[in-house]
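Student: prediction below, plus the sequence it came from.
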Amino acid sequence: MTTEALITAGIIFVLRVVNNAVGTVRLVTLARGQRWITAVLGFFEALVFAVTISGVVTDLSNILNLVAYCGGFSVGAWVGMIVEARFVKSFVIINIFTNEKGHEIALALREKGYGVTEMGGQGRAGEVSMLRSVAGSRDVSGIMAVIRSVHPEAFVAVEQARSVQGGWLRAPTNQPR
């Protein structure tokens, strides 16, 4: 193997990492309906892909370039998730349903600084408390810990919030997901 071959494989690897990381962030912006950002990221993703793939398909018998391409894809997915978790602000809606200790869960969440709305409802077995909280994605594990400490059997469903406007949100934590 020559130095030139190693450098070429290294460039392919790095470009593929960048390509896949940009693609991951682009998918997040697409899901949120951020058209302009998605379009710009898509342009750069396609450009980097075109440059990268040209280094691979010109010689498919070059195993080093193929390994660099595939490895870059894998690492790029990982890097993309880190970038998304660290720099892209995302929110979730946490729905809690319980036939007991609903108010206690709400009080415990509020004590920890989370906003929560309490509602009454009717379930299969009778009356239930329905609690809803909108929080940063990074706060999910903390909220789940509070819920489980009060009532481990509470039913919890977490969904992605496409956009959030107004209301009250706890200051974001600095911990990655």
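Tutor: The structure has been received and is ready for your questions.

Student: roughly how far out does stretch 52-60 sit from the chain middle?
Tutor: Chain-centre distance of stretch 52-60: 31 Å, with CA atoms, centre = their mean, to the nearest Å.

Student: ok, residues contacting it?
Tutor: Stretch 52-60 is contacted by residues 8, 11-12, 15-16, 19, 62, 65-66, 69, 72 when judged by CB atoms under 8 Å, 6 or more residues apart in numbering. For the C-beta atoms, the positions are set from N, CA and C on the backbone; glycine is no exception.

Student: farthest-apart pair in those, please.
Tutor: The most widely separated members of the contacts of stretch 52-60, counting by CB to CB, are Asn19 and Asn62 (18.7 Å).

Student: before we move on, back to that, could I get the contacts of stretch 52-60 as TSV with pLDDT and distance to Phe87?
Tutor: Formatted as TSV, these follow (pLDDT from 0 to 100; distance: CB to CB, whole Å):
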residue	pLDDT	distance to Phe87
Thr8	89	30
Ile11	93	25
Ile12	93	25
Leu15	94	21
Arg16	93	20
Asn19	93	18
Asn62	86	35
Asn65	90	30
Leu66	91	31
Tyr69	92	26
Gly72	93	21
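
Student: hang on, the earlier thing: between Asn19 and Asn62, which has more neighbouring residues?
Tutor: For Asn19 and Asn62, the more surrounded residue by other CB atoms under 10 Å is Asn19, and the numbers stand at 25 against 17.

Student: what residue ranges in this protein score low on pLDDT?
Tutor: Low-confidence segments of the chain (pLDDT under 70): 88, 163-177.

Student: right, and the helix or strand after the top helix by length along it?
Tutor: Criterion DSSP state H: the longest helix present in the chain is helix 3-31. Note on helix 3-31: by DSSP states H and E, the next helix or strand toward the C-terminus is helix 35-57.

Student: report the inter-axis angle for that next one versus helix 3-31.
Tutor: Interaxial angle, helix 35-57 versus helix 3-31 (axes from the mean of the first three to the mean of the last three CA atoms, to 10 degrees): 150 degrees.

Student: and after helix 35-57, which helix or strand comes next?
Tutor: Using DSSP H and E, the helix or strand that follows helix 35-57 in sequence is helix 63-87.

Student: how about residues contacting that next one?
Tutor: Helix 63-87 is touched from outside by 1, 5-6, 8-10, 12-25, 28, 52-53, 55-56, 59-60, 90, 137-138, 176-177, with contacts defined as CB under 8 Å, 6+ apart.

Student: buried residues in that helix?
Tutor: 64-66, 68-69, 72-73, 75-76, 79-80, 84 (16 or more other CB atoms under 10 Å).
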